[in-house]
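Student: attaching a predicted model along with its sequence, questions to come.
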Amino acid sequence: MIAIMGASGSTGGALLRRLTDLRVPCRALTREPERLRAELPAAIPVDVRWADAADPASLRNAFADVRQLFLTMTNGPRQVEFESRVIDLAAHCGIEHIVKISAPAAEPDSPVVISRWHYAIEQHLLRSGIDHTILRPYAFMQKLLTLAPTIQQGIIVGAMRDAACNYIDCRDIGDVAAEVLTRPEISRGTYTLTGSETFSHPKLAELLSRLLDRRIHYVDLPPTDFRQTLLDQAHMPLWLATHVMEIQQLARTRPEHPTDTVTRLLGQPPRTLEAFLTESRESGLFERDEFPDRPPSYL
């Protein structure tokens, strides 16, 4: 039995769909079991259970008879505490293999705080003695959907200048996770995951302009101004706004390049950013009746 922590999320949900397509027995763990049950096709028999990293009893129940665990959580200030607890209880319950979603630059002295958190969790996992596979994906394409309100206004705001960014579709991450969970010969390693090409913000604005058939501007701000914009306009908590700023500065100081890992593991190239944005456009996500010719004055 494979248990999927975060089965309601983008990567956990992608893995759940892939494993059910493969008819692999799995258990979906979530803090919203009723919502997830309602979203799953009735024809797909999935064991859905409530599990919360803040509730050890729920984890012990969720881990019963589980041999492998997929571990992903939404980033947050208590991430090291929560994921370490999951690992400890997984070891106690006899789980043999954990596939953990980590982050690029997961190093003890990383300039990105959340990457330091992931490094600490990776080290805890190593000390646990459980066999494990580490997946280090770069920026999720799905995160770009949070830009929809500003794209509707005709702008993208950032602090990357012309630095390139690696993007990967969460469905490719889910597909890779399914491979390492079902093919022992490629598990127990560390894999850096990217899409097939990098995109700077100006290049992203050009792509969106072409796909949407209207001008999308990229507005580059000083890093601290960008963080304040995220606080004031996107209403992000301070830790998250700081993370977004840090990860964009990392792209400037450490140039990003695509890897061929997804192609090697899946036998096919990863999904492209253009294909992903085309799907999003066809869903009507970026539509608006009127679009300004230039960025709003407050920027």
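Tutor: Right, received. Where do you want to start?

Student: measure the most centrally placed residue in the chain to residue 213 for me?
Tutor: Centroid check for the chain by Cα atoms, centre = their mean gives residue 140 as the closest residue, at 4.9 Å. In this view, residue 140 and residue 213 are 26 Å apart by Cβ to Cβ, to the nearest Å. Where C-beta positions appear, they are placed from N, C-alpha and C, glycine not excepted.

Student: helices or strands up against the helix or strand containing residue 17?
Tutor: In this assignment (DSSP states H and E), residue 17 forms part of helix 10-21. Applying 3 or more Cβ pairs under 8 Å, 6 or more residues apart in numbering; DSSP states H and E, one finds that helix 10-21 makes contact with strand 2-5, strand 26-30, helix 170-182.

Student: now the nearest residue to residue 208 once chain neighbours are set aside: how far from residue 279?
Tutor: Among residues not flanking residue 208 along the chain, residue 216 sits closest, at 4.4 Å (Cβ to Cβ, 6 or more residues apart in numbering). To residue 279, residue 216 is 17 Å away according to Cβ to Cβ.

Student: the two - which one has more neighbours?
Tutor: residue 216 (22 against 13; other Cβ atoms under 10 Å).

Student: wait, isn't the more buried one in contact with residue 151?
Tutor: Yes. Assessed by Cβ atoms under 8 Å, residue 216 is found in contact with residue 151 at 6.3 Å.

Student: do you know how far the closest residue to residue 162 other than its chain neighbours is from residue 4?
Tutor: The shortest distance from residue 162 to any non-neighbouring residue, by Cβ to Cβ, 6+ apart, is to residue 200 (4.8 Å). If you measure residue 200 against residue 4 using Cβ to Cβ, the figure is 34 Å.

Student: can you check the pLDDT for the residue nearest to the centre of the chain?
Tutor: For residue 140, the pLDDT comes out at 93.

Student: can you tell me how far the closest residue to it other than its chain neighbours is from residue 12?
Tutor: Using Cβ to Cβ, 6+ apart and skipping residues adjacent in sequence, the residue nearest residue 140 is residue 170, 5.4 Å away. From residue 170 over to residue 12 the distance is 9 Å, taken as Cβ to Cβ.
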